[in-house]
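>>> Fold the following, please.
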Amino acid sequence: MSRIQKISIEQATGETAELYSGIKKAIGVVPNLYQTVGNSSRALKTLLGIGSGIKGGLISAADQESIALAVAQSNDCDYCLAAHSTIGKMMGSPDEEVVLNRKGKSKDKKREALLSLVTEIVDRKGRVSDATYDSFLAAGFTEAHVPEVMVAVVQSLYTNYFNNLNHTELDFPSAPKL
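Purely as a prediction, here's the structure:
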């Protein structure tokens, strides 16, 4: 059971109601994560702004989902694992790729270099080895990708930590344990 009571769509007022309307228009539902963060319209607006800020940037939507999966696995966030496994499949990633992404791996060598960087950022608190960083660049990424990767990691860290603290109730199918 969630620690923080969610603000349902029917209960939402003001800016929170407006934000919910945008979420529902974009994805058809307002997930429990957003209904709980919705206790603070400022926090919800900031969280949504992080994601929209890099949308259409250098890091593809598919790579952002892969990042979310790897970070969620590192942080043992059941909610984000469930959500991003579902979203990844909706974006066309087969089950095998979703599982690989959770492990920081991929069938695609460029994505694997990205996920190696991401898992090292998370596991080593940003202290990435020269070898990992050089492999990331050698895979075809540039220095301009790094700030966007960091934004995607920070967004995932926020949602992982929030959901772990809150025990956010799943509203996506559970991801299998690895």
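>>> Need the pLDDT of Met1.
At Met1, the pLDDT value in this model is 89.
>>> hang on, it packs against His167?
Yes. Counting by CB atoms under 8 Å, Met1 does reach His167; the two are 6.6 Å apart. For glycine as for every other residue, the C-beta is placed from the backbone atoms N, C-alpha and C.
>>> And these two? Which one has more around it.
His167 (14 against 6; other CB atoms under 10 Å).
>>> pretty sure Gly104 is touching Leu115, no?
Yes. Counting by CB under 8 Å, Gly104 touches Leu115, with 4.5 Å between them.
>>> can you list residues touching both of these two?
Taking CB atoms under 8 Å, 6 or more residues apart in numbering as the criterion, Gly104 and Leu115 both touch Ala70.
>>> neighbour count winner among these two?
Leu115 (25 against 22).
>>> Give the other helices and strands that whichever strand or helix holds the more buried one contacts.
Element membership for Leu115, per DSSP states H and E: helix 109-123. Judged by 3 or more CB pairs under 8 Å, 6 or more residues apart in numbering; DSSP states H and E, helix 109-123 is in contact with helix 61-74, helix 130-138, helix 145-166.
>>> ok, 10 Å please
helix 61-74, helix 95-102, helix 130-138, helix 145-166 (3 or more CB pairs under 10 Å, 6 or more residues apart in numbering; DSSP states H and E).
>>> So for it, mean pLDDT?
Helix 109-123 comes out at a mean pLDDT of 98.
>>> How about stretch 155-173?
pLDDT averaged over stretch 155-173 gives 98.
>>> Buried residues, it. List them.
155-157, 159-160, 162-164, 166, 168, 170-172 (16 or more other CB atoms under 10 Å).
>>> Stretch 43-60 now?
For stretch 43-60, by 16+ other CB under 10 Å, it's 44-45, 47-48, 54, 59.
>>> From the residues you listed, pick the one nearest Ser135.
Nearest to Ser135 among the buried residues of stretch 43-60 is Ile59, at 16.9 Å by CB to CB.
>>> thought that closest one was touching Leu117?
No. In this structure, Ile59 is not within contact of Leu117 by CB atoms under 10 Å, at 11.4 Å.
>>> For the residue positioned nearest the centre of the chain, which non-adjacent residue is closest in space?
Centroid-nearest residue in the chain, with CA atoms, centre = their mean: Ala68, separated by 3.4 Å. Closest residue in space to Ala68, ignoring its immediate chain neighbours: His84 at 4.3 Å, by CB to CB, 6 or more residues apart in numbering.
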